[in-house]
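J.: Got a sequence here, can you model it:
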Amino acid sequence: MERISSAAKESLSVQVHPSDEYALAHEGQYGKTEMWVVLDAVPGAYLYYGFQREVTKEEFVQQIKAGTLTEILRKLPVKKGDVIFIPSGTLHAIGAGLVIAEIQQNSNVIYRVFDYGRAGADGKPRALHVEKALEVTSLKPAQSIDFGPHLGQCRYFTADRHSGAFTGACGADSFHALLITEGSGELACGGACHKVRQGECWFLPANSGPYYVGGQCEYLVIYIS
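T.: Numbers count the residues shown, from 1 in each chain. Just a heads-up that it's a prediction; the model follows:
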């Protein structure tokens, strides 16, 4: 599954997602691993990605209560084209001025741990989920991962980036989702040819067979491998 977030006008809440095991036991659904592909970024844009150093649960709670949690988080400068892989248990937050493609498990389990004291639509501070977050958050700094020829890969999804002409095949094991990130072109599949352009996502069901992408465009291809 992928989702395009609109450009954030302000930093979004700091949150974490649980593992499948925890989410199934406590929420009745799966957890969430995800990855972000930065589609656009204003100068100086950043996001939060895990901790700067290993912390204790006591320090974690203290910083939340003091409203200073971001002081111990890793503030990661980002630019267009950057990719961030976020395993379950990793604290994260999108900063202002970013447009991001989120490729993720299909899950709605979010534990919000810090929201800058902002109020919701009802005028009250939005709910935090600190107790559950303490049970699932990794207190060590997030580690970079080499995915070889792929942008990202895990048991939930594989993501590749292509530019210009590409021929693929959608077999019985997985759908293919094509997200056009730049330019325009054409997609041929199943005897039909379609114009494609930036911002569109095309979903090819499993067993769709061979397909071809052409034109002056850049795009992500997401599938299960």
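J.: got the CA positions of stretch 106-122 in CSV?
T.: Taking C-alpha atoms only, stretch 106-122 is exported to CSV below (Å, rounded to 0.1, in the frame of the first residue of the first chain):
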residue,chain,number,x,y,z
ASN,A,106,-2.1,-1.8,5.8
SER,A,107,-2.6,-0.9,9.4
ASN,A,108,-4.2,1.9,11.4
VAL,A,109,-2.3,1.3,14.7
ILE,A,110,-0.5,4.6,15.7
TYR,A,111,0.8,5.4,19.1
ARG,A,112,1.3,9.2,19.4
VAL,A,113,3.9,10.1,22.0
PHE,A,114,4.4,13.9,21.5
ASP,A,115,2.4,16.5,19.7
TYR,A,116,3.9,19.9,20.7
GLY,A,117,1.0,20.6,23.0
ARG,A,118,-1.4,21.2,20.1
ALA,A,119,-5.1,21.0,20.3
GLY,A,120,-7.5,18.9,18.2
ALA,A,121,-10.7,19.9,16.5
ASP,A,122,-12.5,19.9,19.8
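J.: buried residues in the lengthiest helix in the chain?
T.: Longest helix in the chain by number of residues (criterion: DSSP state H): helix 57-66. If you call a residue buried by 16 or more other CB atoms under 10 Å, then helix 57-66 has these buried ones: 60, 61, 63, 64. In short, each C-beta sits where N, CA and C put it, glycine included.
J.: I'd say the third one and residue 57 touch.
T.: This means residue 63. No: Residue 63 is beyond contact range of residue 57, at 11.0 Å (criterion: CB atoms under 8 Å).
J.: Run through the helices of the protein in chain order.
T.: Along the chain, the segments classed as helices by DSSP H run 20-26, 57-66, 130-136.
J.: out of those, nearest to residue 219?
T.: Nearest of those to residue 219, taken as CB to CB: helix 20-26 at 29.1 Å.
J.: Can you list the buried residues in that closest one?
T.: 20, 22, 23.
J.: so what's the last one closest to, chain neighbours aside?
T.: Leaving aside its sequence neighbours, residue 23 sits nearest to residue 31 (CB to CB, 6 or more residues apart in numbering; 3.9 Å).
J.: so who does that neighbour touch?
T.: Residues near residue 31 by CB atoms under 8 Å, 6 or more residues apart in numbering: 17, 18, 19, 20, 21, 22, 23, 24, 88, 105, 107, 109.
J.: how far away is the residue nearest to the fifth one when sequence neighbours are not counted from residue 12?
T.: By that I understand residue 21. Leaving out its chain neighbours, the residue that sits closest to residue 21 by CB to CB, 6+ apart is residue 31, at 7.6 Å. For residue 31, the distance to residue 12 (CB to CB, to the nearest Å) stands at 19 Å.
J.: if we can go back for a sec, phi, psi of the residue nearest to residue 21?
T.: When read as degrees, to the nearest 10, the backbone of residue 31 gives phi -80, psi -160.
J.: roughly how far apart are it and residue 45?
T.: The value you get for residue 31 to residue 45, if CB to CB is used, is 28 Å.
J.: Could you do residue 131 as well?
T.: Distance, residue 131 to residue 45, using CB to CB: 32 Å.
J.: just residue 72 next, same as before
T.: 21 Å.
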